[in-house]
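Asker: What shape does this take:
(one chain, ligands or ions: 2)
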Amino acid sequence: MKKITLKDKTFRISIPYEKISQAIDQVADKINADFRGCEDIPILLCVLNGSIMFMGELMKRLDFNCQIVSTKLTSYEGTSTTGRVKQAMGLTADITGRRVIIVEDIVDTGNTIVELQGILKDAGATETKICTLLYKPEAYTKDVALDYVAMEIPNEFIVGFGLDYDELGRNFKDIYVLDI
Ligand code: IMP
Ligand code: MG
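Answerer: Ligands and ions are numbered 1, 2, ... in the order given. As a prediction, the model looks like this:
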């Protein structure tokens, strides 16, 4: 589909699934190169709900033993950030003494990952790496380095491939941008 309508807004296709899939191949190669042969069992942290589709695609490309843990954070209302990050669901397992790879759909202002790093440190993680499907460099306000970035995008509101507009649009496999 070239265009989709969610509630009151129309979105046009921006990144087709094939391109997303290739970018995930590349980021998975980097993670495998860093973790292959490790003796611990690193945790892949799924940040619900946005990361579900990315996590599904990423994990099937990883070839070291790993464990999935989830948590849920929210900060967006409509098409913009509230600036406040709420933890809507705690970590689904004990992560004491473990290395964690945060798997995010998108890093925008960076508020969420900074909040997450604090949560993981308090929960006893020994190391955190950040892996994100998408990154908006123009919106980023933090100096935390991102370890694995699949794609950089302009500062525009997007949906699809797990990302939503008021909970709609997560199911589309391509990425769409607001059509103004
Ligand atoms: P940050 O805390 O500002 O970095 O925002 C991170 C979260 O906001 C992401 O995990 C998304 O859930 C949401 N978000 C940021 N940009 C977009 C977008 O363009 N579309 C949909 N959700 C977004
Ligand atoms: Mg998210």
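Asker: Looking at stretch 48-55 now, give me its mean pLDDT.
Answerer: Mean per-residue pLDDT for stretch 48-55: 97.
Asker: anything in that stretch near ligand 1?
Answerer: Yes: applying C-beta under 6 Å from any ligand atom, one finds stretch 48-55 touching ligand 1 at residue 50. (Each C-beta comes from the backbone N, C-alpha and C, glycine too.)
Asker: any residues touching that stretch, and which ones?
Answerer: 24, 44, 46, 68, 70-73, 89, 103-106, 133, 161-164, 167, 170, 173 (C-beta atoms under 8 Å, 6 or more residues apart in numbering).
Asker: Out of the residues you listed, which sit inside helices?
Answerer: residue 24 (DSSP state H).
Asker: how about the strands in this protein?
Answerer: Taking DSSP state E, the strands of the chain run over residues 3-6, 9-15, 43-48, 67-77, 80-89, 99-107, 127-135, 148-152, 158-159, 175-178.
Asker: Please report the distance of residue 58 from ligand 2.
Answerer: As judged by C-beta to the ion, to the nearest Å, residue 58 and ligand 2 stand 14 Å apart.
Asker: Quick one, grab the pLDDT at that residue.
Answerer: Residue 58 is given a pLDDT of 98.
Asker: Surely residue 120 is in contact with residue 96?
Answerer: No: under the criterion of C-beta atoms under 8 Å, residue 120 makes no contact with residue 96, lying 10.7 Å away.
Asker: For those two, indicate the residue with more neighbours.
Answerer: Neighbours were counted for residue 120 and for residue 96 using other C-beta atoms under 10 Å; residue 120 has more, 22 against 9.
Asker: So which residue is dead centre in the chain?
Answerer: residue 104 (1.5 Å; C-alpha atoms, centre = their mean).
Asker: Next, the closest residue to ligand 2 within the chain: phi, psi?
Answerer: Minimum separation of the chain from ligand 2 (C-beta to the ion) falls at residue 50, amounting to 3.3 Å. Main-chain torsions, residue 50, degrees, to the nearest 10: phi -60, psi -30.
Asker: and it, how many residues sit next to it?
Answerer: 25.
Asker: Count the neighbours of residue 164 for me.
Answerer: 16.
Asker: residues contacting it?
Answerer: Neighbouring residues of residue 164 by C-beta under 8 Å, 6+ apart: 49-50, 170.
Asker: now, among the residues you listed, which is nearest to residue 128?
Answerer: Nearest to residue 128 among these: residue 50, at 18.1 Å, using C-beta to C-beta.
Asker: what does this structure put close to ligand 2?
Answerer: Applying C-beta under 5 Å from the ion, we find that the chain lies next to ligand 2 at 47, 50, 105.
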